[in-house]
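>>> let me see the structure of the following:
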Amino acid sequence: MSQNFSFSIQTTPFDEHYQPSNNTRATTNFANLARGERRQDNLRDTLRMINNRFNALADWDNTNGNRYSVELEIVSVEIDIEGNGQTFPTIEVLKTHILDHKTDTRVEGIVGNNFSSYVRDYDFSVLLQEHNKNQEHFSVPTDFGELHGNIFQSFITSKTYKENFNKLPVICLSVSENKAYHRTKNQHPILGVEYHVNESSLTENYFKKMGLNVRYFMPPNSAAPLAFYFFGDLLNDYTNLELISTISTMETFQKIYRPEIYNANAVAGELFKPSLKHPDHSLTHIQYDREERSQLAVKQGKLTEEHFIKPYQAILEQWSAQITY
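Numbers count the residues shown, from 1 in each chain. Model (predicted):
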């Protein structure tokens, strides 16, 4: 049955004129920024923050601090299960491009960065909640994340991905609130100081089923480490400018979404325990509704159950059971 699974891609520029499409998850962070009275100011200020951070990190041969700017596009992936043209929105990521105003060139950055998925909404907001209803102790279903992981890896190895992207994705997320991170002596000139964590988080295990490894780095002049999920060799498979495009983009988003961690007034120390209740932080002027996002995740998880999981359950289970990556 897997031969009938096909993927298609649509791209949308993420700029100050961005309007979320009907297929974009409403919980997607950048869609949240593009709503409300200040939507255009939100977008313009976000892009300015990204460019400023990029130039601060790419400071060589950049005397005036304005050599580069970052272009972003939203990559929306749809899956066709039965080969009949009926598709379901599956994955949404960001692709960066780097504009060098000194040489008047435009080069590819990294695909991935932000990661959104309707099936992940279902897994975390419906399946996991149902599994733990009336349970004394929290637990995770044995096959939790396997279908999602197989869909993701099927896309990454697909002809569609290889025709559109030259390198494997890097996804950059916030660190987990309920883990402790320890600073190491390893330091990279762009990614910064590496941190280790003693135990895996639920998110880390979920992304492992997507085939992704994780390392935690705190870039220069950052307040907290970021989680970098990747295939292959994070430190050697990507250029400095590619890594900077991801750092500048995702650190900016995290300063907006999680200012308690990423816009904290004190830098993470030798032992770091992130908290969204940390009071000593600064707010950006960009409006973001964190509560709305969590409410929408439940709605979209149920939508996924109704329009994707239940109608194709038998096909998906058989397909997923046969796949090995």
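>>> which is the next helix or strand following the helix or strand bottoming out on mean pLDDT in the chain?
Using mean pLDDT, DSSP states H and E, helix 29-33 stands out as the lowest-scoring helix or strand of the chain, at a mean of 65. Where DSSP states H and E defines the elements, the next helix or strand beyond helix 29-33 is helix 39-57.
>>> average pLDDT for that next one, rounded please.
Across helix 39-57, the average pLDDT comes to 92.
>>> so which elements touch it?
Packing partners of helix 39-57 (3 or more CB pairs under 8 Å, 6 or more residues apart in numbering; DSSP states H and E): helix 29-33, strand 68-80, helix 240-257. Every residue, glycine included, has its C-beta placed from N, CA and C.
>>> distance to residue 40 and mean neighbour count added to these, as JSON lines?
JSON lines is the format used below for these (distance: least, CB to CB, whole Å; neighbours: other CB atoms under 10 Å):
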{"stretch": "helix 29-33", "distance to residue 40": "10", "mean neighbour count": "22"}
{"stretch": "strand 68-80", "distance to residue 40": "16", "mean neighbour count": "20"}
{"stretch": "helix 240-257", "distance to residue 40": "15", "mean neighbour count": "24"}
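>>> can the ones you listed go into TSV with extra columns for distance to residue 13?
Putting the helices and strands packed on helix 39-57 into TSV (distance: least, CB to CB, whole Å) gives the following:
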stretch	distance to residue 13
helix 29-33	11
strand 68-80	5
helix 240-257	14
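>>> to residue 8, which of the ones you listed lies closest?
strand 68-80 (5.1 Å; CB to CB).
>>> same for the closest one, what does it pack against?
strand 6-14, helix 39-57, strand 87-100, strand 105-117, helix 146-156, helix 240-257.
>>> buried deepest among the ones you listed, which one?
Ranked by mean neighbour count, these are led by helix 240-257 with a mean of 24 (mean count of other CB atoms under 10 Å).
>>> between strand 6-14 and that helix, find me the angle.
70 degrees (axes from the mean of the first three to the mean of the last three CA atoms, to 10 degrees).
>>> kindly format the C-alpha coordinates of helix 240-257 as PDB.
Output of helix 240-257 as PDB, limited to C-alpha atoms (Å, rounded to 0.1, in the frame of the first residue of the first chain):
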ATOM      1  CA  ASN A 240      28.100  28.700   9.300                       C
ATOM      2  CA  LEU A 241      25.700  30.900   7.500                       C
ATOM      3  CA  GLU A 242      23.100  28.100   7.300                       C
ATOM      4  CA  LEU A 243      23.400  27.500  11.000                       C
ATOM      5  CA  ILE A 244      23.100  31.200  11.700                       C
ATOM      6  CA  SER A 245      19.900  31.400   9.600                       C
ATOM      7  CA  THR A 246      18.300  28.800  11.900                       C
ATOM      8  CA  ILE A 247      19.600  30.300  15.100                       C
ATOM      9  CA  SER A 248      18.500  33.800  14.200                       C
ATOM     10  CA  THR A 249      15.100  32.700  13.100                       C
ATOM     11  CA  MET A 250      14.200  30.300  15.900                       C
ATOM     12  CA  GLU A 251      15.800  32.300  18.700                       C
ATOM     13  CA  THR A 252      13.700  35.300  17.700                       C
ATOM     14  CA  PHE A 253      10.500  33.200  17.700                       C
ATOM     15  CA  GLN A 254      11.400  31.800  21.100                       C
ATOM     16  CA  LYS A 255      12.000  35.300  22.500                       C
ATOM     17  CA  ILE A 256       8.400  36.000  21.500                       C
ATOM     18  CA  TYR A 257       6.800  32.700  22.500                       C
END
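>>> check the offset of it from the chain's centre.
11 Å (CA atoms, centre = their mean, to the nearest Å).
>>> quick one: mean pLDDT for it?
Here the average pLDDT along helix 240-257 is 96.
>>> and residue 175, how far is that from residue 148?
Applying CB to CB, to the nearest Å, the value for residue 175 to residue 148 is 21 Å.
>>> no more questions from me, cheers.
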